[in-house]
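*Asks:* Sequence plus the predicted model coming up.
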Amino acid sequence: MKQAIENIRQQSILEIENSKDLKELNDIRVKYLGKKGELTSVLRGMGALSAEERPIIGSLVNVVKNELEELISGKEEQFKQEEMNRKLESERIDITLPSKKIKRGSKHPINRTIEEIEDLFVSMGYDVISGPELETDEYCFERLNLPEGHPARDMQDSFYITNKYLLRTQTSAVQARTMIEKGGKEPIRMICTGKTYRREDDATHSHQFNQVEGLVIDKKENNVSLADLKGTLEVFVRKMLGENSELRFRPSYFPFTEPSYEVDVSCFNCGGKGCPLCKKTGWIEILGAGIVHPNVLKMNGYDPELYGGFAFGTGIDRLAMFKYGITDMRYLYGNDYRFLSQFDRKDWFIQTYLIIKMKKSDKSFVIIIIMDLVEKRRG
């Protein structure tokens with residue numbers, strides 16, 4: 001039996017040395033060391049040996065087995081290293097080639113518009129307030145003087161979750177919450193920007209859109225009037241759409257203001273001369289505004305005999321479309337890099353222009369700043 005084991009050893013070593021790849025090596029492992037391998041068969045035949053021979057043969061088999069496992073392991077490592085070398089050779093990278101430009105995102109035009117609105121009103125002394133998007137029927141309608149049966153409460157216009165809860169159709173609900181929080185005793189000067197939801201979806205409307213609401217309430221002795229509303233909106237519109245923008249107030253109806261107005265802005269495309277954008281009228285409807293209705297004040301804790309104020313609201317998405325010349329609202333929700341990257345470029349050119357204008361006497365400073373902007377643009 002010793003001779004049989006030695007023959008197996010020599011034959012297996014020869015086959016291991018002559019193996020060409022990992023598959024062939026694995027076949028050799030199974031042939032000699034597997035459950036039905038030749039060395040295993042020797043161990044199974046030890047029952048026919050005498051008690052003196054069994055430990056000798058068993059020890060010899062284990063020595064050969066360990067030797068073969070070591071040889072196979074070494075050969076396997078050799079094959080793996082060769083495979084890795086071939087892979088490295090075939091996948092070699094020329095580090096001297098120029099890198100590909102990595103596309104990076106840019107701030108969304110809606111976010112840009114929201115930040116600009118908030119910065120403007122904060123500079124005018126307003127607080128920026130937020131509220132829940134899942135709102136109750138009470139705050140979304142009842143406390144804003146919209147009783148049951150009003151067309152604005154139609155189920156076709158709103159996303160109701162239950163009979164009590166719905167996705168807010170307007171950020172005006174935050175006005176009611178703010179008035180209640182103030183307890184009917186404190187002046188209010190606030191805006192709220194946020195998402196609202198209605199059952200609409202076409203080129204100029206979306207089922208989800210953004211609004212900004214403004215509310216000013218103070219004691220009547222402080223004379224918060226329609227003139228203050230007009231002046232506030234003029235500053236707002238001229239900041240957002242251009243210094244030459246003019247406003248026009250048209251009487252309208254909103255349940256939460258009285259008197260109420262639709263506010264038009266002179267067409268920024270044609271300067272009021274008339275074009276397809278403004279339908280040849282020279283004006284574009286942009287805002288709803290008015291004096292806060294006494295019922296709204298009363299329902300939210302303020303005495304309409306002592307307090308008064310104004311409110312206004314507009315769609316941020318539509319404002320962004322006008323501001324940046326976007327023709328289809330659905331572009332705002334497509335996340336198309338080609339579309340979004342345009343606004344990054346605009347900002348870069350505007351920054352560069354302003355720096356040159358402010359620092360035109362210091363050419364070296366201008367060059368340093370522009371180089372810094374270029375580096376940021378690349379990064």
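*Replies:* Arrived safely.
*Asks:* and stretch 31-46, which residues are buried?
*Replies:* For stretch 31-46, a neighbour-count test (16 or more other Cβ atoms under 10 Å) marks 31-33, 37-39, 42 as buried. Bear in mind the C-beta positions are built from the backbone N, C-alpha and C, glycine included.
*Asks:* Filter those residues down to the ones in helices?
*Replies:* 31-33, 38-39, 42 (DSSP state H).
*Asks:* Quick check: neighbours of the helix or strand hosting residue 215 in the sheet, parallel or antiparallel?
*Replies:* Counting by DSSP states H and E, the element that carries residue 215 is strand 208-219. Partner strands for strand 208-219, per DSSP bridges, with pairing direction: strand 188-197 (antiparallel), strand 307-315 (antiparallel).
*Asks:* returning to that earlier point: I'd like the ones in helices among the buried residues of stretch 31-46 as TSV, with pLDDT and distance to residue 88 appended.
*Replies:* Formatted as TSV, those follow (pLDDT from 0 to 100; distance: Cβ to Cβ, whole Å):
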residue	pLDDT	distance to residue 88
31	82	32
32	77	33
33	79	32
38	77	38
39	74	37
42	72	42
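*Asks:* Closest one of these to residue 301?
*Replies:* residue 33 (87.4 Å; Cβ to Cβ).
*Asks:* dump the residue contacts of that closest one.
*Replies:* 39-40, 65, 68-69, 72 (Cβ atoms under 8 Å, 6 or more residues apart in numbering).
*Asks:* Mind doing that once more with 10 Å?
*Replies:* 12, 39-40, 64-65, 68-69, 72 (Cβ atoms under 10 Å, 6 or more residues apart in numbering).
*Asks:* what comes up buried for the longest helix seen in the chain?
*Replies:* Using DSSP H, we find that the single longest helix of the chain is helix 53-90. Neighbour counts over helix 53-90 (16+ other Cβ under 10 Å) mark 57, 60-61, 64-65, 68, 71-72, 75-76, 79 as buried.
*Asks:* and that helix, what does it pack onto?
*Replies:* Where contact means 3 or more Cβ pairs under 10 Å, 6 or more residues apart in numbering; DSSP states H and E, helix 53-90 is packed against helix 2-18, helix 22-33, helix 38-44.
*Asks:* what ranges do the strands span in the stretch 101-250 of the chain?
*Replies:* 127-128, 134-136, 159-160, 165-167, 188-197, 208-219, 247-254 (DSSP state E, counting those that start in this stretch).
*Asks:* In JSON lines: these, plus mean neighbour count, distance to residue 307 and mean pLDDT.
*Replies:* Converted to JSON lines, the strands of the stretch 101-250 of the chain look like this (neighbours: other Cβ atoms under 10 Å; distance: least, Cβ to Cβ, whole Å; pLDDT from 0 to 100):
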{"stretch": "strand 127-128", "mean neighbour count": "14", "distance to residue 307": "17", "mean pLDDT": "95"}
{"stretch": "strand 134-136", "mean neighbour count": "17", "distance to residue 307": "24", "mean pLDDT": "93"}
{"stretch": "strand 159-160", "mean neighbour count": "14", "distance to residue 307": "33", "mean pLDDT": "88"}
{"stretch": "strand 165-167", "mean neighbour count": "18", "distance to residue 307": "29", "mean pLDDT": "91"}
{"stretch": "strand 188-197", "mean neighbour count": "20", "distance to residue 307": "9", "mean pLDDT": "94"}
{"stretch": "strand 208-219", "mean neighbour count": "21", "distance to residue 307": "6", "mean pLDDT": "93"}
{"stretch": "strand 247-254", "mean neighbour count": "15", "distance to residue 307": "19", "mean pLDDT": "92"}
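*Asks:* mind showing which ranges of the protein have poor pLDDT?
*Replies:* 1, 43-47, 49, 105, 152-156, 201-205, 344-379 (pLDDT under 70).
*Asks:* what about the helices in the stretch 201-350 of the chain?
*Replies:* 226-241, 294-299, 316-324, 337-358 (DSSP state H, counting those that start in this stretch).
*Asks:* Could you say which of those is packed most deeply?
*Replies:* helix 316-324 (a mean of 21; mean count of other Cβ atoms under 10 Å).
*Asks:* Could I get the contacting residues of the closest residue in space to residue 140 that isn't next to it in sequence?
*Replies:* Of all residues not flanking residue 140 in the chain, residue 173 sits nearest, at 4.8 Å (Cβ to Cβ, 6 or more residues apart in numbering). Listed by Cβ under 10 Å, 6+ apart, the contact set of residue 173 reads 131-133, 135-136, 138-141, 143-144, 192, 194, 196, 213.
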